[in-house]
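Give me a 3D structure for the following:
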Amino acid sequence: MIMKLFSSSSRSRERFLEAILQSAIEYAIISMDLDGLVTTWNEGARRIVGWDEDEIIGQPAATIFTEEDRLAGILQREMTAALTEGHGNDERWHVRKDGSLFWASGQMMALTSDDGEVEGFVKILRDRTEQRENEERQRVLMHELSHRMKNTMAVVQAITSQSFRNASSMEDAEQSISARINAYSKAHDILLQQDWLGTTMATIVEATAINLGLETSGRFRASGPAVELGPQAALCFSLVLHELVTNASKYGALSVDTGTVKIEWSVGDELGDKRLNFIWQEVGGPAVEAPSKKGFGTRLVNSSLSAFGEVSLDYAPTGLILRLDAPLQTLQYKNYSDAKE
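Next comes the predicted model:
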C-alpha cells in the first residue's frame, strides 16, 4: 500500500513538473545528456526555435547554434562553465529551423541525480530579438541625432560668423542671421514632418517662396518633375535658395518690377546614371557684373552644392545663372551622416 502511494505521488509530481515545463511557452527549455544530445524539448522551444519535439530529440543541441559558434565549441564551453561555476551564461545569435537567426539570452545548468552525479544539462533561453533590435535602433538614432546636432551647430556657427563679417551694421547682421537661421529652421520642420526621410525639391522651393513672401508672385517661377531629396540635400537647397532669393531681391532680378526668376530642374539618364540638372536663372533685372570678391552667399552656394555635384555660376549681363549637375543618388541619401559634407 505504501509503495503504491509513493508511486502515485511520484507520477503526480512528474505530471506537475511536465505541466510547468510545457506551460512556460516564453522560454525554450532544453535538456540534454552528457554528450549534448537533446532529451527533452518544451513547447516554448518549439515556438521559439521551430523544431517539433519528435524532430529534435536525440539530435545535437548544438544544432541551434550558428556554424561559427559550433566551430568555436560554445556549447561545450557552456557545459564546462555549468560544471565549474554553477551556470554558463548565454547571450548570442541562435538558429531557427528555417535558418533565420534570433538573439537569445539564458543559462546552462547541470542536472544531477539524488546522489550528486551529473546526468546531463538543461539550457533555458528567451528570445530577445525584438529587444536587441530596439536597442540597435536606439543606438543608431542617438548616433544620428548627435551627427545632426554637430552639423546643425556648425552651420549656425558659420551663418553667424559670416553674417557678422559681411554686415554693414549690427542691425544688418542681426537681420541676416535671423533670416538665414529661420530658413534653415523651416527646412528642419519639413524634414521632421517626414520623419527625417527627406522631402521633394518642389516642397523646398515652395517653402522658400512662402518664407520670403513670394508664393503668389508671378515673378518667381519654378517647374520640374517630382524629385526626392535626402535630408542633407534638402537643408542645403533651403539655405542656397534663401541666399539666391535674398540676393535677387536686393541686387538682382527681383530688385526691379520687370525682373523674374526661373527655377527649372530635370532628371537625365547618362548610361544608367540618373542625374539632376538644376538651373536658377534671373532675367529682366539690372545689368550684372561679377563681384570683385566672394560674399557669404557666393561661398555658401559653391561650398554647399559642390558637395553633391558640379556647380557653375554665370554672371551674364542679362542675369545671374546657376547650374548644378549632380548624381541623383548622392542627393537622395536617407542617412544624414552618409551624405557628403
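
ok, and what's touching stretch 261-281?
Applying C-beta atoms under 8 Å, 6 or more residues apart in numbering, the contact partners of stretch 261-281 are 201, 205, 219-225, 227, 241, 244-245, 248, 252-254, 282-283, 309, 319-329, 331. Placement of C-beta: from N, CA and C, glycine included.

Next, the contact list for residue 290, please.
Shown in contact with residue 290 (C-beta under 8 Å, 6+ apart): residue 315.

quick one, helices of the stretch 151-300 of the chain?
Counting by DSSP state H, counting those that start in this stretch, the stretch 151-300 of the chain has these helices, from start to end: 170-193, 201-211, 231-250, 296-305.

So which of those is the most surrounded?
When those are scored by mean count of other C-beta atoms under 10 Å, the highest mean neighbour count falls to helix 231-250 (a mean of 23).

Next, the angle helix 201-211 makes with it.
Relative orientation of helix 231-250 versus helix 201-211 (axes from the mean of the first three to the mean of the last three C-alpha atoms, to 10 degrees): 40 degrees.

returning to that earlier point: out of the helices of the stretch 151-300 of the chain, the one nearest residue 260 is which?
When these are compared by C-beta to C-beta, helix 231-250 sits nearest residue 260, at 9.5 Å.

So which elements touch that closest one?
Under the contact definition 3 or more C-beta pairs under 8 Å, 6 or more residues apart in numbering; DSSP states H and E, helix 231-250 sits against helix 170-193, helix 201-211, strand 260-270, helix 296-305, strand 319-327.

can I get the ones you listed in JSON lines with distance to residue 42 and mean pLDDT?
Below are these laid out as JSON lines (distance: least, C-beta to C-beta, whole Å; pLDDT from 0 to 100):
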{"stretch": "helix 170-193", "distance to residue 42": "47", "mean pLDDT": "80"}
{"stretch": "helix 201-211", "distance to residue 42": "55", "mean pLDDT": "91"}
{"stretch": "strand 260-270", "distance to residue 42": "58", "mean pLDDT": "93"}
{"stretch": "helix 296-305", "distance to residue 42": "60", "mean pLDDT": "79"}
{"stretch": "strand 319-327", "distance to residue 42": "55", "mean pLDDT": "94"}
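
Any chance of TSV for those, columns distance to residue 131?
Below are the helices and strands packed on helix 231-250 laid out as TSV (distance: least, C-beta to C-beta, whole Å):
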stretch	distance to residue 131
helix 170-193	27
helix 201-211	37
strand 260-270	42
helix 296-305	41
strand 319-327	39
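
Tell me which of these sits nearest to residue 44.
For residue 44, the closest of the helices and strands packed on helix 231-250 is helix 170-193, at 41.9 Å, according to C-beta to C-beta.

Touching that closest one from outside, list them.
Residues outside helix 170-193 that contact it (C-beta under 8 Å, 6+ apart) are 152, 155-156, 159-160, 163-164, 166-167, 197-199, 203-204, 207-208, 211, 231, 234-235, 238-239, 242-243, 246.

and if we set it to 7 Å?
Helix 170-193 has contacts (C-beta atoms under 7 Å, 6 or more residues apart in numbering) with 155-156, 159-160, 163-164, 167, 199, 203-204, 207, 211, 231, 234-235, 238-239, 242, 246.
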